[in-house]
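Engineer: 3D, please:
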Amino acid sequence: MDIDDLEPRKGKPQLKNLEPMGLDELREYIARLEDEITRTQIEIDRKEKHRQGLDGLFKA
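Structural biologist: Numbers count the residues shown, from 1 in each chain. Sure, this is the predicted structure:
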């Protein structure tokens, strides 16, 4: 179990105000979000593999 799993869940994050951002800033913002999505998907995959390994131990 990860220590983050014990932390209370936070509410929905506030949406960023996109109105004052220029085109280049918006593109950079999208790139940062895509990087974060990739990082999150890697962590999900890692945790799923870990769970599958544990499930294999306990189903025997």
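
Engineer: now Pro8: which helix or strand?
Structural biologist: Using DSSP states H and E, Pro8 is not contained in any helix or strand.

Engineer: return the per-residue confidence for it.
Structural biologist: According to the prediction, Pro8 has pLDDT 71.

Engineer: now swap in Lys47 and tell me
Structural biologist: Lys47 carries a pLDDT score of 94 in this model.

Engineer: tally of neighbours for it?
Structural biologist: Counted with other CB atoms under 10 Å, residues neighbouring Lys47 total 12. All C-beta spots, glycine's among them, are computed from the backbone N, C-alpha and C.

Engineer: Met21 now?
Structural biologist: Using other CB under 10 Å, Met21 has 13 neighbouring residues.

Engineer: likewise for Thr38?
Structural biologist: Using other CB under 10 Å, Thr38 has 10 other residues around it.

Engineer: which element is it on?
Structural biologist: Using DSSP H and E, Thr38 sits in helix 23-58.

Engineer: for Lys10, same thing?
Structural biologist: Using DSSP H and E, Lys10 sits within no helix or strand.
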